[in-house]
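1. Pasting a predicted model and its sequence here:
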Amino acid sequence: MMKIQDLEVVLDADAGLVKAIDGLKLAIERGETFALVGESGCGKSMTALALMRLLPENGRVTGGQVHIGGVDVLDLPEAGMRAVRGGRLGMIFQEPATSLNPVMKVGDQIVEAIETHTALRGAAARAKAIDWLRRVGIPEPERRIDDYPFRMSGGQKQRVMIAMALATEPDFLIADEPTTALDVTIQAQILDLLKDLQREQRMGLLLITHDLAVVSGMAHRVALMYAGQIVEVAPAAEFFSRPQHPYAQALLRALPAGDRRGVALEAIPGTVPPLWLQFEGCRFAPRCAAAMPHCATTLPELVNTSDTHQVRCLLHKPGVPAAPERIVRPELPVPPPVPARETAPLLDVQDLKVRFPIRGGLLQRVTGHFDAVAGVSFQVARGETLALVGESGCGKTTTGKAIVQLLRRVAVTEGRAMLDGQNLFELDGPALLDARRKVQIIFQDPFASLNPRMRVADLLEEGLMALHPDLDAATRRARIERLTDQVGLRRDALERYPHEFSGGQRQRIAIARALAVQPRLIVCDEPTSALDVSVQAQILNLLRELQRELGVSYLFITHNIGVVEYIADRIAVMQAGRIEEQGDCADVLARPQRDYTKTLLAAVPRLVTA
Ligand code: SF4
């Protein structure tokens, strides 16, 4: 169905010519779901763009062929390619909101695709569009076909994208992170839908994602990319149970899960090398725990280790004496017994309500209120982690922000949040300043939360000066230097600016900034969801160690159940501004009592490695 042969793509960049894809080779059968996985920057999305000939302006294909149904699409003139794109070759992108035309009705957009790529016209094309909207699960498709995209939810817009991609009955579908922007329950529906439609249509499906759990439930075969090359190809079940490349093994061991509680996750040191380098040896060698001396000087080829399994690693080269078994899934260390937790609450939240004003009319007067949080009560003990989970819009971030006092000017907060015997919502003046010192927050996007014009030293000192005006300059500097050590940054980082760091390093700076004022509680709002698996492992390890050393408590807001299982002591499940269920983390996850918790947990994709 699709055959990619020695594909090479380069990008012109300031640093020189970047070889984004280097000799990619794979073949995908009719009716097969083939997953391309890897961390950010490994080349998987660039592969999708190259296949569709939609590379950015500074990119070009410098070699190879891409045959779809026997035609080399790289040889087609642009007019011929336009007929293939959206016709034989369907596409779904991560962000439906930006892929749909906001000023066109969704039906018109689907009809346009059908009329461009099939013989159907007018009423027949519209009937087909309605039929596809029904098949992808849009209720009342006869009416919704005339809606504009803004009237639809994120999940519905993604369904429209799928309807548009499939209405032309493509032979092959490329889905680039099709569910990454969606909540788990919608994600589960979309993935089921894709699976059913793909089976019905016998399409080839190239699924591009960083989410290994999604892959394990969807794909027949998997290819893992690293630094622009495929390093392992295998049937999905084999890839997850017996990965052969050291990078694949390390990635799977870096995933947080319940059985790893209490032990450090395996973090992969270092970062992906820049792709303008001329490589003389294995690209993964500087990060590989199994590297041998000749790995730095010998380029590994992709070799067959069985009829269906290929690996790019010198350990698997015929004649190399090293035994691969020595690095395959080592026994996990036994977690030390969990120390008895303090039960006295540090934070006691009772009947918290947060109401946002709704404004309307020319003068933007308040015309009503929206209850984002409708009466939640929970406690966080000293040194404890409480996970707050739920779908987007359920009020979990609003709860966190209310406790950190970030909503004072924009919303009405009712109820109590007692910290050390004081109600946070009633404080003012010096008492409020003191409370702000005790409760800090870390956001999902560390870049957006760090002032790009300030050096790291100034970022860390800013909070100290505001909340500890009593400290002199020498004491502040000493505390800042100790913090950089604690979060695993080098001292010279203090003189640099946020843009000079990677995502994981920036999150370390954000953690150091939160710790600078010696807080008792840190609200962690999705602190690892924008990070790659290997970097996520480093940040989770760091948070765990800091909790053990400093006794700090975390209110951990996340949608990642693997992270919850790994780090949380207790869990509170939120829906529509209320807490549906809360309790001991292992208990709630193993025996959920409420229907909503059961639905939420059932929708979470699980990695099956056994
Ligand atoms: Fe590690 Fe060497 Fe294999 Fe590269 S070739 S993955 S460095 S063992």
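-> Perfect, I can see it now.
2. May I see the buried residues of stretch 55-75?
-> 55, 59, 61, 64, 66-68, 73-74 (16 or more other Cβ atoms under 10 Å). (Each C-beta comes from the backbone N, C-alpha and C, glycine too.)
3. in this protein, which ranges drop under the pLDDT threshold?
-> Counting by pLDDT under 70, the ranges of the chain that qualify are 96-97, 181, 319-343, 608-610.
4. in what helix or strand does E549 lie?
-> helix 533-550 (DSSP states H and E).
5. Counting by contacts, list what that helix packs against.
-> helix 246-254, helix 503-515, strand 553-557, helix 561-567 (3 or more Cβ pairs under 8 Å, 6 or more residues apart in numbering; DSSP states H and E).
6. Can you name the next helix or strand after the last one?
-> Once helix 561-567 ends, the next helix or strand along the chain (criterion: DSSP H and E) is strand 570-575.
7. again with the first one
-> The helix or strand immediately downstream of helix 246-254 is strand 303-304, counting by DSSP H and E.
8. wait, does that next one contact the ligand?
-> No - using Cβ under 6 Å from any ligand atom, strand 303-304 never reaches the ligand; the gap is at least 10.8 Å.
9. hey, where'd the helices end up in the stretch 51-200 of the chain?
-> Using DSSP state H, counting those that start in this stretch, the helices assigned to the stretch 51-200 of the chain run over residues 78-84, 96-99, 106-117, 122-135, 141-144, 154-166, 184-201.
10. Pipe these into CSV and attach mean neighbour count and distance to the ligand per row.
-> Listed next are these as CSV, based on neighbours: other Cβ atoms under 10 Å; distance: least, Cβ to the nearest ligand atom, whole Å:
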stretch, mean neighbour count, distance to the ligand
helix 78-84, 13, 37
helix 96-99, 16, 37
helix 106-117, 20, 43
helix 122-135, 18, 44
helix 141-144, 15, 50
helix 154-166, 24, 37
helix 184-201, 18, 31
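11. Need the winner for burial among the helices and strands packed on helix 533-550.
-> strand 553-557 (a mean of 26; mean count of other Cβ atoms under 10 Å).
12. tell me the angle it makes with strand 570-575.
-> With axes from the mean of the first three to the mean of the last three Cα atoms, to 10 degrees applied, the angle from strand 553-557 to strand 570-575 works out at 30 degrees.
13. Strand 553-557 - contacts with which helices or strands?
-> By 3+ Cβ pairs under 8 Å, 6+ apart, strand 553-557 packs against strand 345-360, strand 365-381, strand 385-389, helix 396-403, strand 521-525, helix 533-550, helix 561-567.
14. so which of the ones you listed comes closest to the ligand?
-> helix 533-550 (14.4 Å; Cβ to the nearest ligand atom).
15. In that closest one, which residues are buried?
-> Buried positions in helix 533-550, judged by neighbour count with 16+ other Cβ under 10 Å: 533-544, 546-547.
16. Likewise for stretch 420-435?
-> Using 16+ other Cβ under 10 Å as the test for burial, stretch 420-435 gives 422, 424-425, 427, 435.
17. Next up, the contacts around the residue in the stretch 101-250 of the chain that the ligand sits nearest to.
-> Nearest residue of the stretch 101-250 of the chain to the ligand, counting by Cβ to the nearest ligand atom: P246, 4.5 Å away. Contact analysis of P246 by Cβ atoms under 8 Å, 6 or more residues apart in numbering lists 284, 288-290, 313, 315, 327.
18. And for I539?
-> Contacts of I539 by Cβ under 8 Å, 6+ apart are 504, 507-508, 511, 527-528, 531.
19. ok, and of these, which contact the ligand?
-> Within these, nothing lies near the ligand by Cβ under 6 Å from any ligand atom.
20. Now G360: closest residue in space that isn't a chain neighbour?
-> In this structure, G360 finds its nearest non-sequential neighbour in T367, 4.3 Å apart by Cβ to Cβ, 6 or more residues apart in numbering.
21. residues near the one you found, how many?
-> T367 sits with 10 neighbouring residues when counted by other Cβ atoms under 10 Å.
22. Of the buried residues of stretch 55-75, which is the nearest to the ligand?
-> G64 (23.5 Å).
23. excluding its backbone neighbours, what's nearest the closest one?
-> Per Cβ to Cβ, 6+ apart, closest to G64 is L7, 3.7 Å.
24. doesn't G63 make contact with that neighbour?
-> Yes - assessed by Cβ atoms under 8 Å, L7 is found in contact with G63 at 7.2 Å.
25. that older thread, who wins for most neighbours among the contacts of P246?
-> Neighbour-wise, those (other Cβ under 10 Å) top out at C313, 27 neighbours.
26. That one touches V231, doesn't it?
-> Yes - counting by Cβ under 8 Å, C313 does reach V231; the two are 7.1 Å apart.
27. got any residues that touch both of the two?
-> In contact with both C313 and V231: H245, using Cβ under 8 Å, 6+ apart.
28. can you pull the contacts of the closest residue to the ligand within the stretch 301-450 of the chain?
-> Nearest residue of the stretch 301-450 of the chain to the ligand: C313, at 3.3 Å (Cβ to the nearest ligand atom). Residues near C313 by Cβ under 8 Å, 6+ apart: 231, 244-246, 282, 300.
29. rerun that using 7 Å as the cut-off
-> C313 sits next to 245-246, 300 when contact means Cβ atoms under 7 Å, 6 or more residues apart in numbering.
30. swap in F443?
-> Counting by Cβ under 7 Å, 6+ apart, F443 has contacts 449, 510, 525.
31. just those that are near the ligand?
-> Restricting the contacts of F443 to contacts with the ligand (Cβ under 6 Å from any ligand atom) yields no residues.
32. right, and out of these, which lies closest to V389?
-> For the contacts of F443, the minimum distance to V389 (Cβ to Cβ) is 12.3 Å, reached by D525.
33. ok, the closest one - how many residues close by?
-> Neighbours of D525 (other Cβ under 10 Å): 22.
34. does it really touch I557, like I thought?
-> Yes - the pair D525 and I557 passes the contact test of Cβ atoms under 7 Å, sitting 4.7 Å apart.
35. what sits in contact with each of those two?
-> Common neighbours of D525 and I557 (Cβ under 7 Å, 6+ apart) are 397, 400.
36. that older thread, quick check: bridge partners of the residue nearest to G64?
-> For L7, the beta-bridge assignment (DSSP bridges) gives partners L24.
37. Pull the contacting residues for it.
-> Taking Cβ under 7 Å, 6+ apart, we find L7 in contact with 21, 24, 50, 61, 64, 66.
38. what about 6 Å?
-> 21, 24, 64 (Cβ atoms under 6 Å, 6 or more residues apart in numbering).
39. And it, how close does it get to L55?
-> L7 is 11 Å from L55, where distance means Cβ to Cβ, to the nearest Å.
40. Ok, P345 next?
-> From P345 to L55 the distance is 55 Å (Cβ to Cβ).
41. same question, L352
-> 49 Å.
42. what's the closest non-adjacent residue to E462?
-> M454 (7.2 Å).
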